[in-house]
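*Asks:* the sequence isn't on hand, but the structure is:
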């Protein structure tokens, strides 16, 4: 049957009760407004109205050949097995009058269809969920390694390409924005927030020995109060490398001090031997007091070198202490921001999952 045309059928059907049936099949193409806010879990209700404005109810009366209950559950003529699924067809008959004199018949059908969401779930939702899960896993990378920033930038670029690919799949309309589009925008915003947090933490723990000491209020809030309130355990793994280097420096300092002291004692012992030999050799015989031997120039150089090494080690220890404190501050802030980010993502996911589940069951 062509669209909008009814073929000529030269037969009529007459029953024994006098009922005459004249079939006029026709294919009608119509359009209805779609509410895509719940896409891809949307249910659409398209209405079809049949009535005659030229003939009154005395001339043409529109009725159903079957009962409304049978028509509601009949899906045998629904031939589209693709994207849409027919739920039921509701029918409603009424007669109305414009001047309270002539009455007209009207038959309205409500075709309720539901979109099959499997295709969109596999191609839209699951890739986005996987990328967001990888973003959460990226927080387990050490913040002082620098690899976390590259990893999150790669995720952000990948999600941007994903949105470009799926932009043609989403329904385009000026009436409203589907909730899944808002979901994609919020996921992109979460990725940007995650990258910003990572940049902040990396900046905080990078080149700690060149930063000023940690302020007292930061120590009190971040290193004392926050771990207790949010059950954050102190993490010394970040400072293991610094601790090993500090122990090496202390060992070197002890060795240097020991060498200097041994050298000093050895030189003084030589001076005592020489003084005792001179005293026995003639100074006492002349009745003169023994002369004090001057400090050798090499002794002054050794003392200066030892003093310089001591100042260098003390300065290095102070820098290492500052670096440890900044690392601990960065770790606590990283764990705290990660928990806030995780709570926000879980709450957002639960809300969307609940809404889509309700729409799917409805």
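*Replies:* Received, thanks. This is a predicted model, so every value here is computed, not measured. Numbering: from 1, shown residues only.
*Asks:* tell me where the protein has strands.
*Replies:* Along the chain, the stretches classed as strands by DSSP state E are 13-14, 20-21, 43-51, 84-97, 103-115.
*Asks:* now those strands as CSV including mean neighbour count and mean pLDDT?
*Replies:* The C-beta positions use only the backbone N, C-alpha and C, and glycine is treated the same way. Shown next, in CSV, are the strands of the chain (neighbours: other C-beta atoms under 10 Å; pLDDT from 0 to 100):
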stretch, mean neighbour count, mean pLDDT
strand 13-14, 10, 90
strand 20-21, 9, 84
strand 43-51, 14, 89
strand 84-97, 14, 88
strand 103-115, 17, 89
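*Asks:* would you mind giving those strands as CSV with distance to residue 57 added?
*Replies:* Shown next, in CSV, are these (distance: least, C-beta to C-beta, whole Å):
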stretch, distance to residue 57
strand 13-14, 23
strand 20-21, 19
strand 43-51, 10
strand 84-97, 6
strand 103-115, 5
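*Asks:* nearest to residue 345, of those?
*Replies:* With C-beta to C-beta as the criterion, residue 345 lies closest to strand 103-115 of those, at 26.8 Å.
*Asks:* for that closest one, which outside residues touch it?
*Replies:* For strand 103-115, the surrounding residues in contact (C-beta atoms under 8 Å, 6 or more residues apart in numbering) are 39-53, 55-58, 60-64, 83-98.
*Asks:* mind doing that once more with 7 Å?
*Replies:* 40, 42-53, 56-57, 60-62, 83-97 (C-beta atoms under 7 Å, 6 or more residues apart in numbering).
*Asks:* re the thing from before, quick one: closest of the strands of the chain to residue 124.
*Replies:* Closest approach to residue 124 among those is made by strand 103-115 (12.7 Å; C-beta to C-beta).
*Asks:* can you list the strands that that closest one pairs with?
*Replies:* With DSSP bridges as the test, strand 103-115 is paired with strand 43-51 (antiparallel), strand 84-97 (antiparallel).
*Asks:* how about the ones you listed in TSV, adding distance to residue 182?
*Replies:* Shown next, in TSV, are these (distance: least, C-beta to C-beta, whole Å):
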stretch	distance to residue 182
strand 43-51	19
strand 84-97	24
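*Asks:* residue 222: which of the ones you listed is closest?
*Replies:* That would be strand 43-51 among the strands paired with strand 103-115, by C-beta to C-beta, at 50.7 Å.
*Asks:* tell me the pLDDT at the closest residue to residue 218 other than its chain neighbours?
*Replies:* Setting aside the residues directly before and after it, residue 218 is nearest to residue 329 in space (C-beta to C-beta, 6 or more residues apart in numbering), at 6.3 Å. With respect to pLDDT, residue 329 has a value of 78.
*Asks:* neighbours around residue 329, how many?
*Replies:* Residue 329: 22 surrounding residues under other C-beta atoms under 10 Å.
*Asks:* over to residue 69?
*Replies:* Residue 69 has 9 nearby residues by other C-beta under 10 Å.
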